[in-house]
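[1] sequence and predicted model, in that order:
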Number of protein chains: 2
Amino acid sequence: MSISINSPADFHVHLRQGSISELITPHVRKGGFDLAYVMPNLKPPVTSTEQALQYKADLERIDPNVNYLMTLYLSPELTPDEIRKAKKAGITGVKSYPRGVTTNSDGGIESYEMYYPIFEAMQEVDMVLNLHGEVPSDADANIHVLNAEPSFLPHLIKIHLAFPKLRIVLEHATTRAAVEAVKKCGPTVACTITAHHLALIVDDWAGQSWNFCKPVAKFPDDRQALRDVVKEGHPRFFLGSDSAPHPPSAKSTSTPTHACAAGVYTSPILLPLVAHLLESFGALDKLEIFVSDNGRAFYRQPVEQHEAARVIKLRKPSSKKLVDGNYVLGNESLIPFWAGKEIGWEIDEDN
Amino acid sequence: MSISINSPADFHVHLRQGSISELITPHVRKGGFDLAYVMPNLKPPVTSTEQALQYKADLERIDPNVNYLMTLYLSPELTPDEIRKAKKAGITGVKSYPRGVTTNSDGGIESYEMYYPIFEAMQEVDMVLNLHGEVPSDADANIHVLNAEPSFLPHLIKIHLAFPKLRIVLEHATTRAAVEAVKKCGPTVACTITAHHLALIVDDWAGQSWNFCKPVAKFPDDRQALRDVVKEGHPRFFLGSDSAPHPPSAKSTSTPTHACAAGVYTSPILLPLVAHLLESFGALDKLEIFVSDNGRAFYRQPVEQHEAARVIKLRKPSSKKLVDGNYVLGNESLIPFWAGKEIGWEIDEDN
């Protein structure tokens, strides 16, 4: 049995910088994808058009055969003029994180209104707003990693109502509440879902740091809601892997005073993994819709417009296949999600 | 400033066996305690009076200056006759785990009724039933590590109603629901609370395996309920540390296919830690009630009956004090909870 998928697109990926970027950027294509929507949370964050274009050039030098869609990091430095400049330069979106890593962002999530002039300009020139949809934990308000996303949803609704034509993506949704909120929004609001959140629940990261990421995987009922909306083929839900590499030592080892790194690395096995997971809950027939059609439609990135586009053929492995354990380049190494576990699909390299 | 506490008693502790037991058993007194209610989950589990008495002799050989209260592991092998024998031999309780590690326990928590003849005998001879109050995770029923305890509470109520004179302890409560359920029960139902569950919430073990234990720490509102019931001085709530040692390598390191060990080790710093935590939420005046009076009253273990009993004096450290990082004996080593963190109390060894 084989499946052909037309030009898979990953609408949320971390490609880092420096030597680790050299290792992971080619994994976009290795994993079956030829479009990468690139997150701007570098050190320092990508806050200007120049930085974004330089970053795109860096990535194209590593692998020219991927269509990189670039984003800016929402911060107080951003201006409406910069938004217009970015749009002209071909930058696609602006990413908002719950707490800025830049200066002057102590106000955190409460201060979205300070960004309304930015959102106004984005709506005007048709750039996409990408929301990391969590509020910061606050024990006094009983906000913690498991309700941080539902607690954020009123912000999504408020921004959507204030800017109904602004295209917004709620990134890496993990809860039934988020799925329902996005469904209730108008056609300008979409939602990415990662591969790993289709696989994991809270029990899977309890004591198991390799499965620890932000947002954390939630309850079985939440995972069911994610699976159901994929199975339904809802047009405003699509793949964004949030593939986020960390050195194996940072993933594996905590000390009494230092936690493990949050993030799950799926890039090099992404398409086979998504096929495997969708098959596990009876949604394999929605694979192309989920990994290509829906996201491309929302982002207006038709296949025919991209030179890098290709048809990927997946086949059933001829014998039991386990996910490779390790990727190395120079001093950098990475162990992907699902390492050592059986996977039911592989890319047919002959096609 | 100093405080004197009359004969602290830890009503839930794991003292293991073999070389690790040699290291940790003296930590009961080091931590300020002279009574240890000893869990029976050895390999193999303590299922007979002979085993329990042998285990007690082993512990007394290591440190004779502690009053060890022994328990049996609830399993299908246990008989009403064995209960009567155990009672005569001075064994105090029977511990139930959600899933047996012994054979013939696949039925798990659903099979409490098969133990009713045991509970009947225990009620008759006045032995204590200690419940690990969690049901096994079950994704299809949306049962996971965070609602496993609330989902167990109907079992507690059912057993209590069936055996109203049977003394029952719900062990290591972590949720507001558990606190409220125990409060609603009659005077034969009590509840232990650990030190670490007074400190931690879910955010603290996300990616941080040193804070990972079962039951997992829950939400801020749950922690508040635990703190409130301690502050209230409710007579049926008292300390059971659930101090559970694991080698530092097992706590610190996970692999893609192997999680970290669940358990938090508090024994060697227990009384100063509890004082520190109670002081942090304004309950220092309830310290003696929580660590001695309430538990001793429920278990009928008055101080005057115990040779090992002593008054422990706590003092404020003269300078900033951090918790010691490591305990070593032969090939065994342990890093306690709170290692490297400041602690506001220490045992005055001169008294």
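    Nice, thanks for sending it over. Numbering: from 1, shown residues only, chains lettered A, B, ... in the order given.

[2] what comes up buried for the helix or strand harbouring A:Asp58?
    For A:Asp58, the host element (DSSP states H and E) is helix A:49-62. Residues of helix A:49-62 classed as buried: A:Thr49, A:Gln51, A:Ala52, A:Leu53, A:Tyr55, A:Lys56, A:Asp58, A:Leu59 (neighbour count, 16 or more other C-beta atoms under 10 Å in any protein chain shown). All C-beta atoms are positioned from the backbone trio N, CA, C, and that covers glycine.

[3] doesn't A:Leu72 belong to a strand?
    Yes - assessed by DSSP: H, G, I helix; E, B strand; the rest coil, A:Leu72 belongs to a strand.

[4] which bits of the stretch 101-250 of chain A sit near chain B?
    Applying C-beta under 8 Å from any C-beta of the partner chain, we find that the stretch 101-250 of chain A lies next to chain B at A:137, A:139-140, A:142-147, A:201-203, A:205-210, A:212, A:216, A:219-221, A:223.

[5] setting aside sequence neighbours, what's the nearest residue to A:Thr255?
    Leaving out its chain neighbours, the residue that sits closest to A:Thr255 by C-beta to C-beta, 6 or more residues apart in numbering or on different chains is B:Ser252, at 6.5 Å.

[6] isn't the one you found right next to A:Ala259, touching?
    No - using C-beta atoms under 8 Å, B:Ser252 is not in contact with A:Ala259; the gap is 11.0 Å.

[7] what mean pLDDT would you report for the one helix or strand A:Val230 maps to?
    Using DSSP H and E, A:Val230 sits within helix A:220-232. Averaged over helix A:220-232, pLDDT sits at 98.

[8] OK, contacts around A:Val13?
    Applying C-beta atoms under 8 Å, 6 or more residues apart in numbering or on different chains to A:Val13 gives the contacts A:Val28, A:Ala36, A:Tyr37, A:Val38, A:Met39, A:Gly240, A:Ser241, A:Asp242, A:Ser243, A:Ser267.

[9] what are the ranges of the helices in the stretch 151-300 of chain A?
    Taking DSSP state H, counting those that start in this stretch to define them, one finds helices in the stretch 151-300 of chain A at A:176-184, A:202-205, A:220-232, A:248-252, A:270-280, A:287-288, A:294-299.

[10] in a markdown table: those helices, plus mean neighbour count.
    Formatted as a markdown table, these follow (neighbours: other C-beta atoms under 10 Å in any protein chain shown):
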| stretch | mean neighbour count |
| --- | --- |
| helix A:176-184 | 19 |
| helix A:202-205 | 23 |
| helix A:220-232 | 20 |
| helix A:248-252 | 18 |
| helix A:270-280 | 24 |
| helix A:287-288 | 20 |
| helix A:294-299 | 22 |
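
[11] and of those, who's closest to B:Ile157?
    helix A:220-232 (24.5 Å; C-beta to C-beta).

[12] chain center to stretch A:251-263: distance?
    22 Å (C-alpha atoms, centre = their mean, to the nearest Å).

[13] and it, how far apart are its ends?
    With C-alpha to C-alpha, to the nearest Å as the measure, the ends of stretch A:251-263 fall 8 Å from one another.

[14] stretch A:121-130 now?
    15 Å.

[15] got the buried residues for it?
    Under 16+ other C-beta under 10 Å, the buried positions of stretch A:121-130 are A:Ala121, A:Met122, A:Gln123, A:Met127, A:Val128, A:Leu129, A:Asn130.

[16] same question for stretch A:80-91.
    A:Glu82, A:Ile83, A:Arg84, A:Ala86, A:Lys87, A:Ile91.

[17] if we can go back for a sec, could I get the helices of the stretch 151-300 of chain A in TSV, plus columns for distance to A:Leu153?
    TSV is the format used below for the helices of the stretch 151-300 of chain A (distance: least, C-beta to C-beta, whole Å):
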stretch	distance to A:Leu153
helix A:176-184	5
helix A:202-205	19
helix A:220-232	13
helix A:248-252	30
helix A:270-280	25
helix A:287-288	28
helix A:294-299	19
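
[18] quick one: closest of those helices to B:Met70.
    Per C-beta to C-beta, nearest to B:Met70 of these: helix A:202-205, 32.5 Å.

[19] now do that closest one, average pLDDT.
    Per-residue scores along helix A:202-205 average to 97.

[20] per-residue confidence, the closest residue to A:Leu273 other than its chain neighbours, what does it come out as?
    Spatial nearest neighbour of A:Leu273, chain neighbours left out: A:Ala195 (5.1 Å); criterion: C-beta to C-beta, 6+ apart. pLDDT for A:Ala195: 98.

[21] got the contact list for A:Ala195?
    Contacts of A:Ala195 by C-beta under 8 Å, 6+ apart are A:Leu239, A:Ser241, A:Thr266, A:Leu270, A:Leu273, A:Val274, A:Leu277, A:Phe337.

[22] just to revisit the earlier point, pull the most distant pair out of the buried residues of stretch A:80-91.
    Among the buried residues of stretch A:80-91, A:Arg84 and A:Ile91 lie farthest apart (C-beta to C-beta), at 10.7 Å.

[23] looking at the stretch 1-150 of chain A, which residue is nearest chain B?
    Closest residue of the stretch 1-150 of chain A to chain B, C-beta to the nearest C-beta: A:Ala139 (4.0 Å).

[24] pLDDT below threshold where in chain A?
    Applying pLDDT under 70 to chain A flags residues A:99-110, A:351.

[25] and the helices in the stretch 1-150 of chain A?
    Assigned by DSSP H, counting those that start in this stretch, the helices in the stretch 1-150 of chain A fall at A:18-30, A:49-62, A:80-88, A:116-125, A:148-162.

[26] kindly export the second one (C-alpha atoms) in PDB.
    Translated: helix A:49-62. Taking C-alpha atoms only, helix A:49-62 is exported to PDB below (Å, rounded to 0.1, in the frame of the first residue of the first chain):
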ATOM      1  CA  THR A  49      12.400  42.900   8.200                       C
ATOM      2  CA  GLU A  50      16.200  43.000   7.700                       C
ATOM      3  CA  GLN A  51      16.700  40.300  10.300                       C
ATOM      4  CA  ALA A  52      14.000  38.100   8.800                       C
ATOM      5  CA  LEU A  53      15.400  38.400   5.300                       C
ATOM      6  CA  GLN A  54      18.900  37.600   6.500                       C
ATOM      7  CA  TYR A  55      17.600  34.600   8.400                       C
ATOM      8  CA  LYS A  56      15.800  33.500   5.300                       C
ATOM      9  CA  ALA A  57      19.000  33.800   3.300                       C
ATOM     10  CA  ASP A  58      20.800  31.700   5.900                       C
ATOM     11  CA  LEU A  59      18.200  29.000   5.700                       C
ATOM     12  CA  GLU A  60      18.200  29.000   1.900                       C
ATOM     13  CA  ARG A  61      22.000  28.600   1.900                       C
ATOM     14  CA  ILE A  62      21.600  25.500   4.000                       C
END
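
[27] quick one, what contacts the nearest residue to A:Leu74 once chain neighbours are set aside?
    Take A:Leu74 and drop its neighbours on the chain: the residue closest to it by C-beta to C-beta, 6+ apart is A:Ser96, 4.2 Å away. Counting by C-beta under 8 Å, 6+ apart, A:Ser96 makes contact with A:Leu74, A:Tyr112, A:Tyr115, A:Leu129, A:Asn130, A:Leu131, A:His132.
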